[in-house]
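1. Fold the stuff below for me.
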Amino acid sequence: MEADEIRIASVSDELLEKLDVDLSSYFDIVGESDSQVRDQNSKVLSICSTIELFSPSPQLLDSKLRHFIEILLYEFSTESFQNSPNRVRTSGLSTVLYTFTKVRGYKAVSLCLDSDIYQVERVITLIESSLDDLDGGSWKERYFLLLWLSILILSPFPLESISTSQDIAPRVWKICRHFLGASGKEADVAPLLTARMISRVDCSVYLSEFYEELERLADKMLASEQVGYLSTLNSLLKIARTDQIREYTDLHLRSVISLSKRKDLLTTTLKLCIKNLGKLGKLFALLEEMEQVEDALDTLLQHVGHKQTIIRSCVSRQIAKISIYLPLEFKTEVFSMLVSELEIPQENIEMESIALDLPVDQELLNVETYHGILLTIAEFARFQILQSEWLPFTASLLHKTLFVEQHQLSHTTGSSVRDSSCFIAWSISKKSHIIPTAASVQMFKDLVLTACYDQDLMIRRAAAAALQELVGRHGDEILSNLLPKSKHNEFKVKLIEMLDFTALGLVSRSFAISVSIVKTLDGLMLHDFWDFLSLKGIYANEHEFRRLSAATLPLLATTSDEDLCQNLLTSLVARVRSNPERGQYYTIAELSSSAQLAERDVQILFDVLITETFDFHKDPFYKGEEILYLLSVLMRARSCDLDARLYDLIFEIIRLPHEAIVEKFLMLASTLSSIPKRYQEKWIYYIRHNNVPAARAIGSSPVIAQRFDDILDMISDETLDTTMRANLLKSVSCFLKNDNVVKDDQLCRLTESLDDYTTTKQGDVGHVIRLTMLQVISDNLPLFKNNDSLCRIVELKTLRLACEVIDKVKYNALSVLLRLKSWDVKYASFDSSPIDSAFVDNEKYFMFLFGVFHQEYLHNDEESIMKFMQGYSFSAGAMHASDLTVNTSFRPFLHYMEKVFSDEERKLVLDCLLKILKPESKKEKFGRYAKLQTSCLQLWVRILDFNVSIPIEFNLRGLFIRSYNLHIKTSQFQRISIAIEIFAHLYLIDKEAFADCQKRLVWISGNHPLTKARLSAQKALLEIENS
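-> Residues are numbered from 1 along each chain as shown. The predicted structure is shown next:
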């Protein structure tokens, strides 16, 4: 069941009860006032919405459907049959009835309608009165009335006996003709009414008139009329007795065939033509009039390759339904006609034996025609008319069609052919009691290959469904042929479990299933899997399919004692030498993990690669990926200096920044023992010009050791692309992991990346560098931890970064700090992956961080306290962060200042904050330190706003002086406005001690060149006056 079906099924009882209650309350609303009309319309909308909730599983309505229809019909009859009916009421009732019909279907609803014959005339009168109604909403009422009339017209009594007016039949016929060619929804039910009426014994005159009109108007009908008449004919063939319509069947057939040949037919019209032909063909087959049957079949076969899938599907069913009633020789002839449409030479067709070499050219075959014919054969099997002697040929055909792919310029077609092939296999498996052993074994093998290796998810699952039927019903015979000594029942269960729909969801998992089958089921189909992948898979059109095929081959080889890999490797090298193809290089590289390349083969491959070329503008990425992968394997097999032509080829390939090329270039770089200086320079040049593969792979190459200072220069160069610098840091991390010797001063330069605050139009892109550097330290922690001076540098920087605004940076910085100091066990509440689970919110994080700060640093040294408060100022004093971020950062500080810190500790913290405001001559005026001071000023405003306890010993006068110095000679309104707030707070704390603050505010309000600054000072003075 789908998710929607499960959801509705779980609440269906409640919804049905709600419907019952809503209908009762709707019936209780009586009157035509504006408020009552609004209430009725609102209730109708609510009822219809509830009904439409059942759309995923309409059958859930059935338990109460008759009850709902009966009470609605009673209310509708009571209201509609009055002299002056309430139009709002009848419209609402008909809307609800139509919604039931739309969701559950007219057949189910019509079975619940009243068949009281005395209602016929009233219903006819209502329909007639609505014919000229221009109200657009009345169509639902007409639809329901026509459906009701189609039930009432089935009365077993003569129509003239129902009413004294003697004109029931002419009136109904007029209604039928009016709606038969209509374009509205009424046209959906009018053909049913027409067919039921003219099929009555006492309405034979109208049957004759209907066929006369059909003959007269066949070539002149509009599209809506075609649909109406064809729907009526289709219903008539289901309802009428053969003797009633026998004299018209030839006319019927001619008209439908003529109409089906028109070029301008709608899909709906053509589908109705095909349904008519199917029923007519069946009728003529029962009457043993084979000439007409042949006409019907010929017409159907003309549409078996129609471009619309829905038409092909309909044609296949109708041909099969006709064939059910044909003698065996005619069935054989129909099957032969279908096979002839496949354009397989007659001399290659063997009906009673398996022929795996059928000449089916998948690149040239007509996909639509093959799909239609295969669907028809599947229907033959489903209706059990596919003869057992045809099964070997069918299995031979499936051996080709299950793997059909047509490669267009931008896409691949053929999935419909493979899908219909799975349908054939499913139908044969389910409906055929006896399948020739050769045919069942061949189908089994092909279906397993399809389930494991098809690129389309739906095809893999369709093949698995067919396999379940085949193994479940014929598994013993198949397995006894393939594995004579196996435990058949156990293996059948395991095979079906492995081919689970969920497991087939990812193509990588479906490839792995093939290896599991061989391992678990005593080597079942090992050679079939191997042959398929080595002959087709590694040469497939899709890159991912080729890659998976090459990767699966060595895994399959491990399940066998045979030297499969070595044999394939030898043959591939020989083929590469004479005729290199896409996929061969990658496969050779993968196979080399399980087989050894001979020295002669290595030289052959080097010689072949030297002749390769690559144009990164035109060539696909996978060509370069294969070359790089094979080169890395060859370099591991023979450590040597590369030819200059190969270096040129490599540097041409890496101009394409695809992830697959990056991955394979990393592998190749690690195999290079030395690189000529010319190519070292080229490598550095590529990096400076933002080449991703070059930046990512240099850490695995010998170049980095010789050009480490150049790498550090590029990492610190803020003009270079941030992503490129981050990639260089990753390369450095890789280099350090390999225990390479690096000077202390170089490592110190490297840690400066923790201070990278590069800003562009995208904002603080430097955080990418800081985050990557933290990862470098984390990956190489012993290197930094065991060097005391380096450890101290990293400690101070991570302590500052742990207070940052950006979550990823601060979490990773704290993680590195705790591991660096071996505190990760001591502070066990801190998870090593805090970004995922350790801290629910920012406030809890800072509560934890202040706990670490208080316990480890507050009584330690001033430098640590300074670094911590510098970092914290950017969070709690942030100018551009959200209020939530700032408040959750500040509340832990407030908690520790008021409830945890002693007066001495408070003074120590506040002194550090005051020192941050001290002018630094070495810092740029508007650089990072200037931003730090602005954030620190803002933090002081928050401290004063919240009346944080300030020790008496603290020099508040110093805060005034530092604030005063920072706000003069600057045009930054942000800093000036913060200083104004601090002046106002200080004056209110002690008006005598800070009288200078008021004077400064007065001066700013009247003399400052910035208008905004003057207004801000005036506002501060007003607040002082009011306070």
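
2. I'd guessed Cys734 sits against Ser700; true?
-> Yes: between Cys734 and Ser700 a contact is recorded at 5.7 Å, counting by CB atoms under 8 Å. Glycine gets a C-beta too; all of them are placed from N, C-alpha and C.

3. neighbour-wise, which of these two wins?
-> Cys734 (23 against 20; other CB atoms under 10 Å).

4. and the gap between Asp298 and Ile319?
-> From Asp298 over to Ile319 the distance is 11 Å, taken as CB to CB, to the nearest Å.

5. The two: which is more packed in?
-> Taking neighbours as other CB under 10 Å, Asp298 and Ile319 compare with Ile319 leading, 29 against 12.

6. Within the helices and strands, which one has the more buried one?
-> Per DSSP states H and E: Ile319 is located in helix 309-324.

7. mind pulling up the phi and psi values for Ser593?
-> Here is the backbone geometry of Ser593 (degrees, to the nearest 10): phi -70, psi -20.

8. Ile124 too?
-> Phi and psi for Ile124, reported as degrees, to the nearest 10, are phi -60, psi -40.

9. pLDDT score for it?
-> Ile124 carries a pLDDT value of 90.

10. which non-adjacent residue is nearest it?
-> Leaving aside its sequence neighbours, Ile124 sits nearest to Arg171 (CB to CB, 6 or more residues apart in numbering; 5.3 Å).

11. where does the one you found fall, helix, sheet strand or coil?
-> Under DSSP: H, G, I helix; E, B strand; the rest coil, the three-state class of Arg171 is helix.

12. I'd assumed Val123 was in contact with it.
-> No: between Arg171 and Val123 there is no contact under CB under 8 Å: 10.6 Å.

13. Arg1014: what's it in contact with?
-> Arg1014 sits next to 1004-1008 when contact means CB atoms under 8 Å, 6 or more residues apart in numbering.

14. and which of the residues you listed is nearest to Leu259?
-> Closest approach to Leu259 among the contacts of Arg1014 (CB to CB): His1008, at 90.1 Å.

15. what about the closest one, neighbour count?
-> Other residues close to His1008 by other CB under 10 Å number 18.

16. Please name the nearest non-neighbouring residue to it.
-> In space, and not counting its chain neighbours, His1008 is closest to Arg1014: 5.2 Å by CB to CB, 6+ apart.

17. Ok, Arg688 next?
-> Nearest one to Arg688, counting by CB to CB, 6+ apart, is Met714 at 6.7 Å.

18. Distance of the one you found relative to Arg725?
-> 7 Å.

19. quick one: which of the two has more around it?
-> Arg725 (27 against 19).

20. for the more buried one, what are its contacts?
-> Each residue near Arg725 by CB under 8 Å, 6+ apart is listed here: 714-715, 717, 769.

21. Got the confidence number for it?
-> Arg725 is assigned 95 on the pLDDT scale.

22. same thing with Glu477?
-> At Glu477, pLDDT is 92.

23. Let's verify it: helix, strand, or coil?
-> helix.

24. Surely it and Ser440 touch.
-> Yes: here Glu477 reaches Ser440: they are 6.4 Å apart, a contact under CB under 8 Å.

25. of these two, who's got more company?
-> Neighbour tally, Glu477 and Ser440, criterion other CB under 10 Å: the higher count belongs to Ser440, 23 against 17.

26. My guess is that one contacts Gly475. True?
-> No: using CB under 8 Å, Ser440 is not in contact with Gly475, being 9.3 Å away.
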